[in-house]
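Chemist: here is a sequence with its predicted model. Questions after.
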Amino acid sequence: MPLKQRQGILIWELTNGQPWLVNALAYEVFFEMKEGQDRSSSITAEMILKAKEHLIQNRVAHLDQLADKLQEPRVRRVIEPMLAGQMITEGTDDDRQYVVDLGLIRREDNGGLVIANPIYREVIPWTLASAPQDSLPQISPTWLKPDGSLDIDRLLESFLLFWRQHGEPLLRSAPYHEIASHLVLMAFMHRVVNGGGTIDREYAIGSGRMDLCILYGTVMLAIELKVWRDGEPDPLSEGLLQIEGYLQGLTLYSGWLVIFDRRSNQPRIRERTSTESAQTESGKTITVIRA
């Protein structure tokens, strides 16, 4: 396949043809990036992905305007359950069509709803996590080794300390109540990868989970987020089965399963937060964080 065709396919995959995003990626590559201004060199996939990250992290005008739309009640009634992996039970047909018309979501051929494109799939939770992120205290990067690489064991210790000390007040700063825990954790992870890594997210209606892949240098960490709500069984067994499939897709042998306990009348976060080790049926090692 010719190089131009391959890069064109990548741009389509990232944007699903959304005109503003296509033009923004092209402008970023050709006019903002030094590598793209060299007309003797080819445009690479790495350059396109770098341009995508710059658009997201710098909240350029079009993407920044999404923050206002996400606060609208009829948008929230559709987007919030999608991010939580739940069924859309409150939104009306008009709500769903409005969010489709905004271009935030689209209908697949089978009639299901999905976020419109991979860039929006990253931007939406990233934007929602910005309020908790702005409220984060100063955090020393104790998760880095002397050579600057990511130490997953130290990252776990840092997150547990952070969550016990700051989880409860930060939950109140999150704009979507149903996924407040997810947003606070993502805010912390954004601080971790800032300038040195990326976060990829996966979520789907009815899946009951959100998956995160933290990539920092050569280190990759898979995290699955589950919520334990009133009247539901412990999601541990389901979560282990789900993260096993996620790890297989990433060719990883270990990861984190974070279970946020949102049931009524539970002890305070600093008292109930704990970790344990578990294994999936295929023998993958999982750190279970009960938060």
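Modeler: All right, it came through fine. Residues are numbered from 1 along each chain as shown.
Chemist: for the stretch 1-150 of the chain, what spans make up the helices?
Modeler: Secondary structure of the stretch 1-150 of the chain (DSSP state H, counting those that start in this stretch): helices at 3-15, 19-27, 34-37, 45-57, 61-70, 73-84, 93-102, 118-128, 130-135.
Chemist: now do the fourth one against helix 118-128, angle only.
Modeler: Note on geometry: by axes from the mean of the first three to the mean of the last three C-alpha atoms, to 10 degrees, helix 45-57 and helix 118-128 are set 30 degrees apart in direction.
Chemist: pLDDT of helix 45-57, averaged?
Modeler: Taken as a whole, helix 45-57 has a mean pLDDT of 85.
Chemist: kindly report the same for the third one.
Modeler: When the per-residue pLDDT values of helix 34-37 are averaged, the result is 69.
Chemist: same deal with stretch 264-274?
Modeler: Rounded mean pLDDT across stretch 264-274 is 95.
Chemist: residues of it that come out buried?
Modeler: Buried residues in stretch 264-274, counted by 16 or more other C-beta atoms under 10 Å: I269, T273. All C-beta spots, glycine's among them, are computed from the backbone N, C-alpha and C.
Chemist: next, the distance between the ends of it.
Modeler: With C-alpha to C-alpha, to the nearest Å as the measure, stretch 264-274 spans 18 Å from end to end.
Chemist: same question, stretch 268-275
Modeler: End-to-end distance for stretch 268-275, by C-alpha to C-alpha: 16 Å.
Chemist: what does it rub up against?
Modeler: The list of residues contacting stretch 268-275 from outside it, by C-beta atoms under 8 Å, 6 or more residues apart in numbering, reads 156, 160, 163-165, 167-168, 261, 266, 287-291.
Chemist: now those: which count as buried?
Modeler: Taking 16+ other C-beta under 10 Å as the criterion, what is buried in the contacts of stretch 268-275 is L156, L160, W163, R164, G167, D261, T287, V288, I289, R290, A291.
Chemist: filter the residues you listed down to the ones in helices?
Modeler: Taking DSSP state H, the ones among the buried ones among the contacts of stretch 268-275 that sit in helices are L156, L160, W163, R164, G167.
Chemist: tell me the one among the residues you listed nearest to P73.
Modeler: Closest to P73 out of these is G167 (26.4 Å), distances taken as C-beta to C-beta.
Chemist: what's the closest non-adjacent residue to that closest one?
Modeler: Nearest-residue entry for G167: I269, 4.4 Å, with adjacent residues in sequence omitted and distances by C-beta to C-beta, 6 or more residues apart in numbering.
Chemist: and what of T285?
Modeler: S254 (4.3 Å).
Chemist: the one you found: neighbour count?
Modeler: Counted with other C-beta atoms under 10 Å, residues neighbouring S254 total 16.
Chemist: verify the contact between it and E244 for me.
Modeler: No: counting by C-beta atoms under 8 Å, S254 does not reach E244; the two are 11.1 Å apart.
Chemist: between the two, what contacts are shared?
Modeler: Between them, S254 and E244 share the contacting residues K284, judged by C-beta under 8 Å, 6+ apart.
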